[in-house]
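In: I'd like to go over a predicted model; first the sequence, then the structure.
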Amino acid sequence: MKTLDLTHGADEADRAAFRAGPVDEESRTRLAANGLDYRRLAVDHDGFVGWLQTVARGFQDGERTDEQVAASRDRSGYRRLTGVYDPAGPMADAPVATIASWLGELTVPGGAAIPSCAISAVTVAPTHRRRGVARAMLEGELRAAQAAGIPMAMLTVSESPLYGRYGFAPAAASASWQIETKRAAWIGPQPAGRIDFVTRERVRELLPSLHERMRHRFPGEIDVPGSHWDGFAGTNPAAEKVGEKRAVQYADAAGEVRGAAVYAVRENHDDFTKATATVHYLLAETDDAYAALWRFLLELDLVAEVHAGELSIDEPLLWMIADQRAAKVTVRDHQYVRIIDVVACLEARRYGAAGALVLDVSDPIGLSAGRYLLEVDDAGVGRVTVLADGESPEGAVQVALGITELSATYLGAVSPATLAAAGRVTTTDPTTAARVLGWHTAPRLSIWY
Ligand SMILES: CC(C)(COP(=O)(O)OP(=O)(O)OC[C@H]1O[C@@H](n2cnc3c(N)ncnc32)[C@H](O)[C@@H]1OP(=O)(O)O)[C@@H](O)C(=O)NCCC(=O)NCCS
């Protein structure tokens, strides 16, 4: 089986080849048997308008204006766009189902960024739902990724129950915070650098380079498509209410910019001391930048509550406030991953402890099933051997699990011991399995895609 060169992440030639690659033949045949046409379309094709309107309708959003269509077309060049068309319908040139994907990078435990197929814009029209169209598209994109040598797939979801059946698992949770500012009281560091307001255009320049420098520190982060930064900074010409967005930067004592935040304040007309600030994005390259930006936000005058989302479940911020109960923290599933190439993925990450595990992996759609010996050395580096039928290396801990469960453990979010207690994994030694597959940094993902 082909695998992309993992040492170089995803290079531009690989990205372009995947974007322009064919749709999966098995799914095309299956959909054709139901009278449906499964095809890819280029972003500059006339059909882009219909494709985009179907996506907007699929997410219960309003019809896109000409300006929004043009802006979206400009920002969609990185995506592989696919639609399912019903030639028997009255609007045969607008798809009845959509999916988009692209070759991106996923940070894994240890800091490597591996090629990963990001999937988004999955919609099926209510007129064509529950006939297996989404299944054909998801399986189709996974097979297309496998054929292109992409070892991993990933997505964020509108509803949790949709994707486990294809082997995806929640692998990095996100935390939403509501902080009562008066009660929180800052007890964290007071760094020597300075916070200054900057324009939205300036913060749009800062965010990508700051993110590029920090994303390797957190398993679960991805290389953010350029267009997302316009959304955070409010520099997308089609965006609404951009005037609400305020941007600040943190420069360290030497004058280097190490962090930035974009936030908006909504005043409270009944009580001017009780406004709410919503943090749209906060990026800190250093601990000092992190402390300075959070302190600034928690000490804004007239603001009684600060809301922030897509945070890690293990934020240092919790230890920087005097009253931890000032923060209401809601945790939910966020970044989903799906291992496609078990050997490539397991050799790309680093591990919490030395040990040997036999992973007996089942796969609901048959892409990645097999028995694998994972041997981890003292440096946390893993080597993987595909085992022959009946082969059973002496002394190795046996772990039987689905590809969904293996994917759930991949970024270090959940212990196999927890999954064993939940009846999702069977193992001869949950403690060793947990130590080996564990990781010390909680995975996170700071965007939706
Ligand atoms: C979610 C959506 C894409 C499903 O499309 P669909 O073509 O009806 O799905 P399929 O018929 O292929 O169903 C595939 C499987 O998913 C299950 N399923 C579909 N929608 C589901 C839902 N909302 N909740 C739970 N299970 C669901 C089906 O029962 C089926 O199960 P099975 O194949 O294991 O028996 C479609 O309802 C939709 O567009 N929803 C609104 C937009 C959205 O939320 N998209 C997902 C973005 S992450």
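Out: Nice, I can see it. Numbering: from 1, shown residues only.
In: and whichever strand or helix holds Glu347, what other elements does it pack with?
Out: Secondary-structure assignment from DSSP states H and E places Glu347 in helix 342-348. If you count contacts as 3 or more Cβ pairs under 8 Å, 6 or more residues apart in numbering; DSSP states H and E, helix 342-348 packs onto strand 113-124, strand 370-376, strand 382-386, helix 403-410. C-beta coordinates here come from the backbone N, C-alpha and C atoms, glycine included.
In: Of those, which is nearest the ligand?
Out: strand 113-124 (3.6 Å; Cβ to the nearest ligand atom).
In: just checking, Thr385 touches Gly370?
Out: No: with contact defined as Cβ atoms under 8 Å, Thr385 does not count as touching Gly370 (10.7 Å).
In: what about Tyr263, is that helix, strand or coil?
Out: Here Tyr263 is recorded as strand under DSSP: H, G, I helix; E, B strand; the rest coil.
In: Next, count neighbours for it.
Out: With neighbours defined by other Cβ atoms under 10 Å, the count for Tyr263 comes to 23.
In: Not including adjacent chain positions, what is the nearest residue to it?
Out: Leaving aside its sequence neighbours, Tyr263 sits nearest to Val279 (Cβ to Cβ, 6 or more residues apart in numbering; 4.8 Å).
In: how close does the one you found sit to the ligand?
Out: 24 Å (Cβ to the nearest ligand atom, to the nearest Å).
In: hang on, that residue in a strand?
Out: Yes: membership of Val279 in a strand is supported by three-state DSSP.
In: That one pairs with what?
Out: Beta-bridge partners for Val279, by DSSP bridges, are Tyr263, Ala308.
In: how about the residue nearest the centre of the chain, what does it touch?
Out: Per Cα atoms, centre = their mean, the C-alpha nearest to the average position across the chain is that of Gln335, at 4.2 Å. Gln335 makes contact with Met154, Thr156, Pro170, Ala171, Ala172, Ser174, Gly220, Leu411, Pro443, Arg444, Leu445, according to Cβ atoms under 8 Å, 6 or more residues apart in numbering.
In: from the residues you listed, which single one is nearest the ligand?
Out: Nearest member of these to the ligand, counting by Cβ to the nearest ligand atom, is Thr156, at 7.1 Å.
In: thought the closest one was touching His334?
Out: Yes: proximity of Thr156 to His334 meets the contact threshold set by Cβ under 8 Å, at 6.2 Å.
In: quick one: which of these two has more around it?
Out: The residue with more neighbours, out of Thr156 and His334, is His334; 25 against 20, by other Cβ under 10 Å.
In: Over to that one. Which of the three states is it?
Out: strand.
In: Same question for Gly149.
Out: For Gly149, the secondary-structure state derived from three-state DSSP is coil.
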